[in-house]
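Participant: Turn this into a model:
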Amino acid sequence: MKRAVILPALLALGLGGPVLADSIAPPDQASWNGAKQMADLGNGIELAYVEWGDPEADPVILVHGFSDSSRAFSTIAPFLDGHRFIAVDLRGMGDSSEPECCYYPTDFAEDLNAFIHALGYDKAAVVGHSVGSIYAGMLAALHPASVERLVLISSRLDQSGRRGFLDMVEGLDFPLDPMGEFIQDWGGNNGRMDEEMLTYLRIEEAGMPKRAWAGMAKGMELVDWTLAAERIAAPTLILWGDQDGMAKAQDQEDLQAAMPAATFIAYEGYGHSMYWENPEMVATDLTAFLDD
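Facilitator: Here you go, the predicted model:
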C-alpha cells in the first residue's frame, strides 16, 4: 500500500514515525485551490502551486499542459509518494499571474527555472505533460544544472500539427463558457476520467484570459525543439499512450532519436492524458524512475 493510504491508521495506533507524521497529504478537489501557495519569481510574475509528500525530500516539479492548472495532477497525487511533489500553475493559468505578455515556450521555461530557485533549490526533478513537457524539456536544455531528472508525458518535438489552432482561438468568444461546446470538447480523452476533477478544471480553463490562450497558441507555431532536446543531459523518462491523438507514434520515434539514452514506456490502449485514466499505473512507473 502507498504511505498516504496507511498513514492515518499508523498514527491512530501510535506507530507513525517522524518522517511519516510530517508527510503532507494532497488536498481533495474541493480543497485544491485553497491549498495553493504563491512563489514570487522576482520578475513581476507570481506562480501558484500545491504541494504534498515529504517536505524534507527531494523536490519534483509537476508541469501541466495547455490551459490546465496544478489540478491536472490532483487525481494522481494520492499515488505519488516519497518526494516533495510540487504542482505548479503556469503563468496565465490557474491562480498564477496573468501578464499581458509573454506566453512563448522559452518564457515558461525561464519561469520554471526561476520557480525552482524561488523555492530555495538549486535543482529539481521536473515532470511535464503535453505542452508542459515542452517547457520542461526546454528548461532542461537551457538550464541543465537546474534539472536532476526529466519526465516527458505525451510529448512531441515538432508542433506544426497545431497549425490553424491560433486562428480558431482568435475566433472564440471570451470569456469562455465552461459549459460551452469548446471547453466541453477541449478536455476530452478516451477512457475513464475523474468527472469531479474535470468539472473544476473546465471552470478554471474557461477563466483563462484570451491573451494567454492566444499567446500560447502563437508560441506553438514557433516550436520544433529537436536541437534543444539533443542537448538534454538529465536522465529522461518518456511516457506515451498509443491512442494519443496529438502526440503520435512518429513523434515518439523522433523523441527517442533525439534522446537515445531516454527510457521509453508505451501504454497500450491509453490516450493523451493516460495519468488521468489510470493514475496508479502511471504513478508506479513515475516513482520507480524518480527513486532509481
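Participant: wait, Leu239 sits on Val151?
Facilitator: Yes - at 6.8 Å, Leu239 and Val151 qualify as touching, with contact defined as C-beta atoms under 8 Å. C-beta: built from backbone N, CA, C; applies to glycine.
Participant: any common contacting residues for those two?
Facilitator: Residues touching both Leu239 and Val151 (C-beta atoms under 8 Å, 6 or more residues apart in numbering): Leu286.
Participant: Out of these two, name the residue with the larger neighbour count.
Facilitator: A count of neighbours by other C-beta atoms under 10 Å puts Val151 above the other of Leu239 and Val151, at 28 against 25.
Participant: quick one: the more buried one from Ser130, how far?
Facilitator: 12 Å (C-beta to C-beta, to the nearest Å).
Participant: cool, Ile183 as well?
Facilitator: Taking C-beta to C-beta, one finds Ile183 at 17 Å from Ser130.
Participant: ok, the two, which is more surrounded?
Facilitator: Using other C-beta under 10 Å, the more surrounded residue of Ile183 and Ser130 is Ser130, with 24 against 19.
Participant: And for the closest residue to that one other than its chain neighbours, the neighbour number?
Facilitator: Spatial nearest neighbour of Ser130, chain neighbours left out: Gly65 (3.2 Å); criterion: C-beta to C-beta, 6 or more residues apart in numbering. Residues near Gly65, counting by other C-beta under 10 Å, number 22.
Participant: cool, and Gly207?
Facilitator: Neighbours of Gly207 using other C-beta under 10 Å come to 16.
Participant: How about Phe264?
Facilitator: Residues lying near Phe264 (other C-beta under 10 Å) number 15.
Participant: In three-state terms, how would it be classified?
Facilitator: Following DSSP: H, G, I helix; E, B strand; the rest coil, the label given to Phe264 is strand.
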